[in-house]
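# Everything below, folded, please.
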Amino acid sequence: MRLLFTVVAATMEDDLMNYAAALAYYFLFALFPLLLLIASLAGALHLSAVTRAIAADLYQSLPHGTAVLLSRQLHQLLAGSHGGLLSLGTALTLYSASQGFAGLIAALNRAYEVPETRPYWHVELLALGLTVSAGVMIIIALGALLVGRRLVDMLTGATAAGHWLAAAWPLIRWVVVVGFFILAIALLYHTAPNLKHSGRGLWPAALTTFAIWIAISIGLAVYVDHFANFNAVYGTLGAVIVLMLWFYLLALALLLGAELHGELRRRAGLPREPKQPVKA
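Numbers count the residues shown, from 1 in each chain. As a prediction, the model looks like this:
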């Protein structure tokens, strides 16, 4: 409880609630370019079924109206042409998506209380790399799930153990998804902030962040679908408002996890040193 109170107090002191609001704005503008990147990668690799799997999974973790909005956008992207993956338009779209990660880098620096001493071009390239990595990790994770599902279907009738594997597949599927998300959060905490020696306490912070994400997604979906009718109040903008609220809560959870990581490092006696020294 003392650790929890310390993290919450540090969050308020560092003004991270306002940073989370800014990140929600960045995430909204970065979302559809990121979806375009995922659809482009899937189309170039002939893995359109992966993008359809993303659209189907949205209904399990988001309020219905928001899931419909994002699913419709993904299907429209799939119906278009994605052959020009390396075109100028796609490059500009990729840069637009990376600005969400650039905002996240600044917010994480604030959470860890370290100055940004890296050159501007370094930060921009890092944000671009994180954007591409996010798209690739999503493609790999869901591609592995689709291949695994087909492998299970093949083994079900071929071997006696196939039936047990088919029964356990839903659990295996979620283990893979959870593992990829926790790995992505840990890599983000390790790579994005300008923090030297950021490995200590990384996994507890990533696990905590993911647990908060799950609780937020389920709680918001239940609240919106059963207790609040945003569409009745805001009309067609209701789905966008819920999406912004979801982004805000996810960003706040991500920054809380960073504060937790920073507090665990402080209790371990590790200094908050930037990766590059501050110039005199």
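# And Trp169, what's its pLDDT?
If you check Trp169, the pLDDT there is 68.
# Number the residues from 47 up from this point.
That works, and once the first residue is 47, the last one we named lands at Trp215.
# Show the average pLDDT along stretch 246-263.
Regarding stretch 246-263, the rounded mean pLDDT is 87.
# Oops, could you answer that again for stretch 170-180 instead?
Rounded mean pLDDT across stretch 170-180 is 86.
# Just the buried positions in that stretch, please.
For stretch 170-180, burial by neighbour count (16 or more other C-beta atoms under 10 Å) applies to 170, 172-174, 176-178, 180. Every residue, glycine included, has its C-beta placed from N, CA and C.
# Next, the contact list for Leu300, please.
Contacts for Leu300 were tallied using C-beta atoms under 8 Å, 6 or more residues apart in numbering; they are 69, 150, 231, 234, 255.
# For it, give me phi and psi.
Dihedral pair for Leu300: phi -60, psi -40, per degrees, to the nearest 10.
# sorry, back to before: out of the buried residues of stretch 170-180, name the two that are farthest from one another.
Glu170 and Ala180 (15.9 Å; C-beta to C-beta).
# So which other helices or strands are in contact with the one helix or strand Ile228 maps to?
For Ile228, the host element (DSSP states H and E) is helix 207-237. Packed against helix 207-237, as judged by 3 or more C-beta pairs under 8 Å, 6 or more residues apart in numbering; DSSP states H and E, are the following elements: helix 134-158, helix 166-204, helix 248-272, helix 284-313.
# of all these, which lies closest to Asn240?
Here helix 134-158 is closest among those (C-beta to C-beta), at 5.5 Å.
# Which residue is the nearest non-sequential neighbour of Ala148?
Leaving aside its sequence neighbours, Ala148 sits nearest to Ala173 (C-beta to C-beta, 6 or more residues apart in numbering; 4.0 Å).
# before we move on, what about Trp292?
Nearest non-adjacent residue to Trp292, counting by C-beta to C-beta, 6+ apart: Leu266, 5.8 Å away.
# Tell me the pLDDT of the one you found.
For Leu266, the predicted pLDDT is 81.
# Quickly note the distance from it to Phe256.
Note on Leu266: its distance to Phe256, by C-beta to C-beta, to the nearest Å, is 16 Å.
# ok, now Pro317?
Applying C-beta to C-beta to Pro317 and Phe256 gives a distance of 27 Å.
# My guess is the residue nearest to Trp292 contacts Met290. True?
No. Using C-beta atoms under 8 Å, Leu266 is not in contact with Met290, being 11.5 Å away.
# Can you pull out the low-pLDDT segments for the stretch 97-246 of the chain?
97-113, 115, 119-139, 184-185, 187-213, 215, 243-245 (pLDDT under 70).
# what about 80?
The stretch 97-246 of the chain contains residues with pLDDT under 80 at 97-143, 180-220, 222-223, 242-246.
# re earlier: between Leu266 and Met290, which one's more packed in?
Taking Leu266 and Met290 together and counting by other C-beta atoms under 10 Å, Leu266 has the greater number of neighbours (20 against 17).
# which residues does the residue nearest to Ala148 contact?
Residues near Ala173 by C-beta under 8 Å, 6+ apart: 144-145, 147-148, 150-151.
# Could you rerun that using 10 Å?
Taking C-beta atoms under 10 Å, 6 or more residues apart in numbering as the criterion, Ala173 is in contact with 76, 141, 143-152, 238.
# ranking those residues by neighbours, who comes first?
Ala143 (28 neighbours).
# in which helix or strand would I find the closest residue to it other than its chain neighbours?
Excluding the flanking residues, the one nearest Ala143 by C-beta to C-beta, 6+ apart is Pro79, at 3.7 Å. Using DSSP H and E, Pro79 maps to helix 62-90.
# avg pLDDT for that helix?
77.
# How about stretch 313-325?
73.
# Hmm, Val288 is touching Leu266, no?
Yes. Val288 is within contact range of Leu266, at 7.4 Å (criterion: C-beta atoms under 10 Å).
# coming back round to it: just the buried ones among the contacts of Leu300, please.
69, 150, 231, 234, 255.
# Could you dump those residues into TSV with distance to Leu283 added?
Listed next are the buried ones among the contacts of Leu300 as TSV, based on distance: C-beta to C-beta, whole Å:
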residue	distance to Leu283
Leu69	20
Leu150	25
Ile231	30
Leu234	30
Thr255	29
